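Undergrad: I'll drop the sequence and a predicted model, then ask my questions.
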Amino acid sequence: MKRYNMKNQIHNMHTTTTIPIRRTAESGLPGLDINNLPFGKTPTDHLFIARYAGGEWAEARIEPFHQLTLSPFALCFHYGQTVFEGMKAFRMEDGNISIFRLEKHHRRFNRSLHRMGMPAVPYELFREGLRQLIALDQEWAPSGKDASLYIRPFVIATEERLGVKISDEYLFLIVCTPVGPYYARPLRVKVETEFVRAADGGTGYAKCGGNYGGAFLPTQKAIEAGYDQVLWTDAQTREFLEESGTMNLMFIIDGTLITPALSDTILDGVTRDSILQLARARSLEVQERKISIRELEAALKSGDRVEAFGAGTAAVVAPIESIAIGEETYSCYVKEDAVMHSFKAELQAIRTGKAEDVWGWNEVVGVR
Ligand SMILES: Cc1ncc(COP(=O)(O)O)c(C=O)c1O
């Protein structure tokens, strides 16, 4: 059995590990329209799973998608040691499949795991688990416009113990689901100044379950008030914009792309980073800095064209059509010639092989 010793992490891109595969007897694919499924409900035929115990990852395997059996004493149910990633694979023009920015997602996964006191997942295990799972479930990668295969790697604490302690045992799983667009139309958002998502020194930069659990109530209240999402502000002053839902925030004001600078309260988004690289390559001025509610309000009031959008794996580029600040609601520019749409198109072209991948972002899985 292959073991991944944590004291001796392997970072060799060229090593290939054979992962034992047990195939499903019956694919769920026949009869499904994988280009038109509700987001995140339909698993592909298989999952990847590995177990951590005694200080090392072992028992990596691919199996038919199945339920998990865990003791009610498993620590993940009680103290929140859960970490996940959200990635996508795309059907390319030549029929192959590209996994987008695997390495960057892996680095963030390990940063999140570290913050939550959980063991790192070696690069080789992450990469081979993903590649082999996607090669096996390749028929599930949709080819429709705006459709992709969403990938969810995650680690949960499984040690059976009711005491408040760091777990000594974990499961690492990867599951996939074909998805279409996350949001059907431009978003109406409100600036949130009552609740906060993350504070300095906390876990905001980690993709851990608790960050999302804590965001549900304020988001639900905003939805009940007629908005789609909240724009989070900083915990100390509630004056500076941070991010939104599962997206980083971006504005194009006066021809300059402005986005809140990364900090320990903001997730280091892969889409954010990709759009910033594309913008710099176009010689668009980019500013990563604090942006206050007052500055945004002044720009929105000035009557100048303000583009606002969320950037994230699930939503890609989500145009924001209006922003509520206190009692006032302001409109943003979302028409077809808005610059943000061109970033979405450029990303799509790179991912599908229509444009050259000069950045080396695509991890290509060849189809049989
Ligand atoms: C809180 C939060 N911010 C931002 C993002 C965007 O990150 P990415 O572009 O890597 O999906 C996500 C999604 O992963 C998120 O959950």
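TA: Yep, it's here.

Undergrad: all helices for the stretch 251-368 of the chain, in order.
TA: 270-281, 293-301, 339-351 (DSSP state H, counting those that start in this stretch).

Undergrad: and the ligand, which of these is closest to it?
TA: If you check each of the helices of the stretch 251-368 of the chain against the ligand by CB to the nearest ligand atom, helix 270-281 wins as the nearest, at 3.2 Å. C-beta here means a position set from N, CA and C on the backbone, and glycine is covered the same way.

Undergrad: pull the CA atoms of the closest one into PDB?
TA: Taking Å, rounded to 0.1, in the frame of the first residue of the first chain, the C-alpha atoms of helix 270-281 are listed here in PDB:
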ATOM      1  CA  VAL A 270      -7.800  31.900  -7.800                       C
ATOM      2  CA  THR A 271     -10.200  33.700 -10.100                       C
ATOM      3  CA  ARG A 272      -9.100  37.000  -8.500                       C
ATOM      4  CA  ASP A 273      -5.400  36.200  -9.100                       C
ATOM      5  CA  SER A 274      -6.100  35.100 -12.700                       C
ATOM      6  CA  ILE A 275      -8.100  38.300 -13.600                       C
ATOM      7  CA  LEU A 276      -5.400  40.500 -12.100                       C
ATOM      8  CA  GLN A 277      -2.800  38.700 -14.300                       C
ATOM      9  CA  LEU A 278      -5.000  39.200 -17.400                       C
ATOM     10  CA  ALA A 279      -5.600  42.800 -16.500                       C
ATOM     11  CA  ARG A 280      -1.900  43.600 -16.000                       C
ATOM     12  CA  ALA A 281      -1.100  41.800 -19.300                       C
END
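
Undergrad: buried residues in that helix?
TA: Of the residues in helix 270-281, 270, 271, 272, 273, 274, 275, 276, 278, 279 count as buried by neighbour count, 16 or more other CB atoms under 10 Å.

Undergrad: Return only those of those found close to the ligand.
TA: Among the buried residues of helix 270-281, the residues lying close to the ligand (CB under 6 Å from any ligand atom) are 270, 271, 272.

Undergrad: What residues are bridge-paired with the residue nearest to residue 329 when sequence neighbours are not counted?
TA: Among residues not flanking residue 329 along the chain, residue 322 sits closest, at 5.4 Å (CB to CB, 6 or more residues apart in numbering). Residue 322 has these beta-bridge partners by DSSP bridges: residue 188, residue 331.

Undergrad: if I pick residue 322, what's in contact with it?
TA: Taking CB atoms under 8 Å, 6 or more residues apart in numbering, we find residue 322 in contact with 188, 189, 329, 330, 331, 332.

Undergrad: Show the residue spans covered by the helices in the stretch 101-250 of the chain.
TA: Under DSSP H, counting those that start in this stretch, the stretch 101-250 of the chain gives helices at 102-115, 123-136, 209-224.

Undergrad: Could you give the number of residues near residue 78?
TA: Residues lying near residue 78 (other CB atoms under 10 Å) number 14.

Undergrad: Against which helices or strands is the helix or strand encompassing it packed?
TA: In this assignment (DSSP states H and E), residue 78 forms part of helix 76-79. The contact analysis (3 or more CB pairs under 8 Å, 6 or more residues apart in numbering; DSSP states H and E) places helix 76-79 against strand 148-157.

Undergrad: For the strand it packs on, what is the distance to the chain centroid?
TA: 9 Å (CA atoms, centre = their mean, to the nearest Å).

Undergrad: how much space between residue 58 and residue 191?
TA: Between residue 58 and residue 191 the distance is 48 Å, computed by CB to CB, to the nearest Å.

Undergrad: So if I had to pick from those two, which one is more boxed in?
TA: Between residue 58 and residue 191, counting by other CB under 10 Å, residue 191 is the more crowded of the two (18 against 14).

Undergrad: For the more buried one, list the residues it contacts.
TA: 230, 231, 233, 241, 293, 323, 324, 325, 326.

Undergrad: and residue 74, bridged to which residues?
TA: Beta-bridge partners, per DSSP bridges, of residue 74: residue 160.

Undergrad: what does the one 10 residues further on give?
TA: Residue 84 forms beta bridges with residue 154, as assigned by DSSP bridges.

Undergrad: separation between it and the ligand?
TA: Going from residue 84 to the ligand by CB to the nearest ligand atom, to the nearest Å gives 9 Å.

Undergrad: now do residue 232
TA: Separation of residue 232 from the ligand (CB to the nearest ligand atom): 9 Å.

Undergrad: Am I right that that residue is in contact with residue 242?
TA: Yes. Using CB atoms under 8 Å, residue 232 is in contact with residue 242, at 4.3 Å.

Undergrad: So between these two, which is more surrounded?
TA: Per other CB under 10 Å, whichever of residue 232 and residue 242 has more neighbours is residue 232, with 28 against 23.

Undergrad: show me what contacts that one?
TA: Counting by CB under 8 Å, 6+ apart, residue 232 has contacts 192, 196, 197, 198, 241, 242, 243, 244.

Undergrad: mind redoing it with 10 Å?
TA: Contacts for residue 232 (CB atoms under 10 Å, 6 or more residues apart in numbering) come out as 191-193, 195-198, 204, 215, 218-219, 238, 240-245, 249, 260, 265-266.
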